[in-house]
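K.L.:
Build me a model from this:
(chains A, B, C and D)
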2 protein chains.
Amino acid sequence: MVTIKDVAAEAGVAISTVSKVLNGYEGVSPLTKEKVNSAVTRLGFTPNSVAAALSSKRSKRIALLVKLVVNNASMDEINMRYLFGAISSAMDNRLDAVTVFYETVQDMDEEALTAYLKSQSIEGIIVFGLNREDEVLLRLIDSETFKIVVVGSVITNRSTSSVAIDYAAAQYDVIMRTFENIEGNRILYIAGKDSSYSTALKLEGLRRIEDEMKTKAKVVYGDFSELTARELTFKYAEKSDVIACGSDLMAIGAMRALMELDIFKPVCGFGGIKLMAYAGKQMNTVRQDFEALSREAVKRVRELLGGAEGASYTMEYDLVRVKYRDALI
Amino acid sequence: MVTIKDVAAEAGVAISTVSKVLNGYEGVSPLTKEKVNSAVTRLGFTPNSVAAALSSKRSKRIALLVKLVVNNASMDEINMRYLFGAISSAMDNRLDAVTVFYETVQDMDEEALTAYLKSQSIEGIIVFGLNREDEVLLRLIDSETFKIVVVGSVITNRSTSSVAIDYAAAQYDVIMRTFENIEGNRILYIAGKDSSYSTALKLEGLRRIEDEMKTKAKVVYGDFSELTARELTFKYAEKSDVIACGSDLMAIGAMRALMELDIFKPVCGFGGIKLMAYAGKQMNTVRQDFEALSREAVKRVRELLGGAEGASYTMEYDLVRVKYRDALI
DNA sequence: TTGTATGCGTTATCAG
DNA sequence: CTGATAACGCATACAA
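P.N.:
Purely as a prediction, here's the structure:
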C-alpha cells in the first residue's frame, strides 16, 4: 500500500505538507502543490480513509435508516430511490454512507442503539419514513446525540433537520385537480395511518378543501394497505363523487374495487410511484422526486455535521396523471 | 469517549489484556476476563472499529454492489431483499457492509474502481446481478484483488465464490409443471438477455425438455422487459401451447397480452417476486429466497476473507403458483 | 498468564 | 510557507 509517507518522499516534501495539499488547506505554494500532486498520480496514491478518520476524529460516516416493510412493493421502489439518491450524493460529498434497516435495530433500546451507531463511528443519520410509533428513534432524536435528517416528516431540533414536501398543499392540489369536470362534492378520503406524520398534514389539506367546497369528507383509515383501501371502497364508494387516497398503493386498491363494481369515480393517489401505473386506469397523483429528497437530505446532514443548526426544508412536487402504458418498459 | 485504556485502568490490567478479552483470545484467566468484562459494562465501553481496522489492517468491510435498473419494479423488490439479507447477516457476522450502486461506479476503469474500493478499505465484495457486459467488474474479478462473491451467476476463481440456484434444473422443473394437464408440446420460450449468465443455464433446462418431449421450442429474447414480452406474445402465442419466460416480469407481459387476445395459455415465470401477483391470473414460477441467497453470500465472503478458496454454492428453490390475491395485503 | 512497546496512516499543532 | 512530531484507539510481537 502506498501511503502519504511515500508521496512525501517522492515529492521531496514533508508528510504534513502532503496532508495539507490533499485536504486543500491554505498556505502551500503552487510549486510544492504541483510537486505533491504529480507524486500522487505517479504513485497512484489513494488516501486511507480509516486512518484519516482515526486521526481527525471525524468519520464522515452517516447511516441511512430505511424500513423494509415486507409486502409493500411500493415501498421497495421508494426506498431504492432514496438509497440511490443518498448513496450517490454521499459519494459526491465524500461522505461514507452505510445502510441500516429498522428491522435490524428495532429491538434495541436507545442506549444500545446509540452504542451500536457509535461503535460504527456514525456521526449522522438520515431517517426515511419515521412515524410516531418509532419511540426509540424519537428519543434518539430528542437526545441530540447524532446529527439527524428526517425525510418525509417535519420534526426538528438543534441537531435535527427535516426534508419533505408540503403535504397539506399537495393533498389540496391533487384533490382539487381530481374534481375538475366532476359533478358533486362528496369526498371519500382514505387516509394512511394515524401514526404517520404526513397523514395529519394531508388531512390539513383536506380540511381546506372541505371549507372551500362547503362539504364534509368521509374520512377512513386504510393503513396504507391496498386490500384495506379496496374494502373501504366497496363500502363507501357509492356515497362519494371522488375518492382521494393518502398513498398510491391505496389508490390502486380503490381503483380495483371500482373496476370490480363496474362504476367509475375519479381516484387520486399520493406518492408518484411507477408501480401505480399497474392499476390499469388513469389517475391523478402527487409525484415526489424521492431521489432529490434524498440528495437534499445528504446536503443537510453535511451542514449539520459542519456545525449548522437543524431546520426544516421544503421540496417541490408535481401533479401527474399516470397512465397504464407508463409501466410497460 | 471511553477507550480500551480506560477499561484497562478500571479493571486494573494492561491494555493488551483488555484487547485479548475483547477479541476472545486464549490465554486469559477467567478471573481477569471477568474483571475486564465488568469494567466494560461499568464504563459502557464500545470498541472503536476505526482504530481496530487501522491497527489490524483488516477493515472487515464489504461492499454490496447492486444495480438500480430504473423502470423495473421487480428489481427493486429483489434488490431490497438482497440488501436486507446481506446487511442483517453482515451485522450478525460483525462485518461492515456498504451499499454501492453500479450506476455510480460504471464509468470508472478497473484501476479507478480498485482505487476507490481500496480507499474505502473494502476487502470483500458481493456482486448482485452480474452480466457479461460488465467488463470492468469481470476484470476486477479476474485480478483477484478483492474477495468477491457473485450472486446469481456461476463464476469462480481463487478469490471468487458464487451463490446461485440451479437455473437449469429450475427452468426444467417449472416448465414441466406448467405442462401438467395441457395438450400439445409447443413451447414459446421468452428468454431474458443473452448477456445474462443465467440465461444460458435456463436454456440448458429448456434443451432437456425439448429432448424429453421431442419438441423444438421457439426461443425469442424479451430483454427482461414486460413490454417486449408482451409484443412477442402477440406475435407468437398462437403457435404455442405453453409460454415460458425467463423472468416474472416478462411473464406478466405475456399474461397481459394473452388477456388482451382473450385466449388462455399457461404461462410460467422465473423469480418468485411478489409483484408478479399483480398480473391478475395464476401462473407458475420459480421462487428464489433472495434473502437467503444473500445471507449465504455473506457467509461465503467471510470465509474468503478468512483465507478460504473460491467455490460455487448452490441454493434451493421452490416451485410456486402465485395468485392474484397474494398481492393484496 | 500478564504487561510493555511499537506501529497502523493520517491529522493537527507548533516551531522554524 | 514548510517540516518535525505528538496524538488517534487499538492490535500484536515480544518480554517478563
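K.L.:
quick one, helices of chain A?
P.N.:
Secondary structure of chain A by DSSP state H: the helices cover A:4-11, A:15-22, A:30-43, A:49-56, A:73-92, A:102-105, A:110-119, A:135-143, A:167-179, A:197-213, A:226-236, A:248-261, A:290-305.
K.L.:
what sits against residue A:191?
P.N.:
For residue A:191, the contacting residues are A:199, A:202, A:203, A:219, A:220, A:221, A:222, A:246, by Cβ atoms under 8 Å, 6 or more residues apart in numbering or on different chains. Placement of C-beta: from N, CA and C, glycine included.
K.L.:
does it have beta-bridge partners, and which?
P.N.:
Counting by DSSP bridges, residue A:191 forms beta bridges with residue A:221.
K.L.:
same check, this time on the one 5 residues further on
P.N.:
Taking DSSP bridges, one finds residue A:131 as the beta-bridge partners of residue A:196.
K.L.:
Residue A:37 touches residue A:22, doesn't it?
P.N.:
No - in this structure, residue A:37 is not within contact of residue A:22 by Cβ atoms under 8 Å, at 9.2 Å.
K.L.:
need the residues of the stretch 151-300 of chain A near chain B, please.
P.N.:
A:225, A:226, A:227, A:230, A:253, A:274, A:275, A:278 (Cβ under 8 Å from any Cβ of the partner chain).
K.L.:
Compare the residues you listed and tell me which has the most neighbours.
P.N.:
Using other Cβ atoms under 10 Å in any protein chain shown as the neighbour test, those are led by residue A:226, with 30 neighbours.
K.L.:
Surely it is in contact with residue A:250?
P.N.:
Yes - between residue A:226 and residue A:250 there is a contact at 6.4 Å, judged by Cβ under 8 Å.
K.L.:
check contacts around residue A:75.
P.N.:
Residue A:75 is in contact with A:67, A:68, A:69, A:129, counting by Cβ under 8 Å, 6+ apart.
K.L.:
Relative to DNA strand C, how far out is it?
P.N.:
According to Cβ to the nearest atom of the strand, to the nearest Å, residue A:75 stands 38 Å off from DNA strand C.
K.L.:
Could you report the distance from the closest residue to residue A:155 other than its chain neighbours to DNA strand C?
P.N.:
Counting by Cβ to Cβ, 6 or more residues apart in numbering or on different chains, residue A:162 is the residue found nearest to residue A:155 once chain neighbours are left out, at 5.6 Å. When Cβ to the nearest atom of the strand is the yardstick, residue A:162 and DNA strand C sit 29 Å from each other.
K.L.:
dump the residue contacts of residue A:162.
P.N.:
Residue A:162 sits next to A:149, A:150, A:151, A:153, A:154, A:155, A:156, A:310, A:312, A:313 when contact means Cβ under 8 Å, 6+ apart.
K.L.:
ok, the third one - how many residues close by?
P.N.:
I take that to be residue A:151. Counted with other Cβ under 10 Å, residue A:151 comes out at 27.
K.L.:
most centrally placed residue in chain A?
P.N.:
A centroid search over chain A (Cα atoms, centre = their mean) returns residue A:151, at 4.2 Å, as the residue closest to the centre.
K.L.:
what's near enough to touch residue A:204?
P.N.:
Contacts of residue A:204 (Cβ under 8 Å, 6+ apart): A:167, A:168, A:171.
K.L.:
Low-confidence regions, chain A specifically.
P.N.:
Residues of chain A that meet the criterion pLDDT under 70 lie in A:70-71, A:276-281, A:323-329.
K.L.:
What separation do you get for residue A:223 and residue A:196?
P.N.:
10 Å (Cβ to Cβ, to the nearest Å).
K.L.:
between these two, who's got more neighbours?
P.N.:
Using other Cβ under 10 Å, the more surrounded residue of residue A:223 and residue A:196 is residue A:196, with 23 against 20.
K.L.:
count of residues packed around residue A:192?
P.N.:
22.
K.L.:
Spatially, what comes nearest to it if we skip its sequence neighbours?
P.N.:
residue A:246 (4.0 Å).
K.L.:
if I pick that neighbour, what's in contact with it?
P.N.:
Taking Cβ under 8 Å, 6+ apart, one finds A:171, A:189, A:190, A:191, A:192, A:196, A:198, A:199, A:202, A:222, A:224, A:270 in contact with residue A:246.
K.L.:
Go again with 7 Å.
P.N.:
Neighbouring residues of residue A:246 by Cβ atoms under 7 Å, 6 or more residues apart in numbering or on different chains: A:190, A:191, A:192, A:199, A:202, A:270.
K.L.:
Tell me how many other residues surround the nearest residue to residue A:167 once chain neighbours are set aside.
P.N.:
Nearest non-adjacent residue to residue A:167, counting by Cβ to Cβ, 6+ apart: residue A:201, 3.7 Å away. Neighbour count of residue A:201, defined by other Cβ under 10 Å: 20.
K.L.:
Next one: residue A:135 relative to chain B, how far apart?
P.N.:
Going from residue A:135 to chain B by Cβ to the nearest Cβ, to the nearest Å gives 21 Å.
K.L.:
and if you look at residue A:161?
P.N.:
Relative to chain B, and taking Cβ to the nearest Cβ, residue A:161 is found at 23 Å.
K.L.:
what's the answer for residue A:164, then?
P.N.:
In terms of Cβ to the nearest Cβ, residue A:164 sits 22 Å off from chain B.
K.L.:
Quick check, that residue in contact with residue A:152.
P.N.:
Yes - assessed by Cβ atoms under 7 Å, residue A:164 is found in contact with residue A:152 at 5.3 Å.
K.L.:
re earlier: distance to DNA strand C for the contacts of residue A:246 - can I get that in TSV?
P.N.:
Shown next, in TSV, are the contacts of residue A:246 (distance: Cβ to the nearest atom of the strand, whole Å):
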residue	distance to DNA strand C
A:190	53
A:191	49
A:192	45
A:199	44
A:202	45
A:270	45
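K.L.:
Tell me which ones among these also neighbour DNA strand D, please.
P.N.:
Among the contacts of residue A:246, no residue sits close to DNA strand D (Cβ under 7 Å from any atom of the strand).
K.L.:
Which of the contacts of residue A:162 fall in strands?
P.N.:
Taking DSSP state E as the definition of strands, these contribute A:149, A:150, A:151, A:312, A:313.
K.L.:
is the last one in a bridge, and if so with what?
P.N.:
Taking DSSP bridges, one obtains residue A:163 as the residues bridged to residue A:313.
K.L.:
any idea how far it is from residue A:41?
P.N.:
39 Å.
K.L.:
who has more neighbours, those two?
P.N.:
For residue A:313 versus residue A:41, the count of surrounding residues by other Cβ under 10 Å is larger for residue A:313: 17 against 8.
K.L.:
Tell me how many other residues crowd the nearest residue to residue A:82 once chain neighbours are set aside.
P.N.:
Excluding its sequence neighbours, the residue lying closest to residue A:82 (Cβ to Cβ, 6+ apart) is residue A:294, at 4.7 Å. Counted with other Cβ under 10 Å, residues neighbouring residue A:294 total 27.
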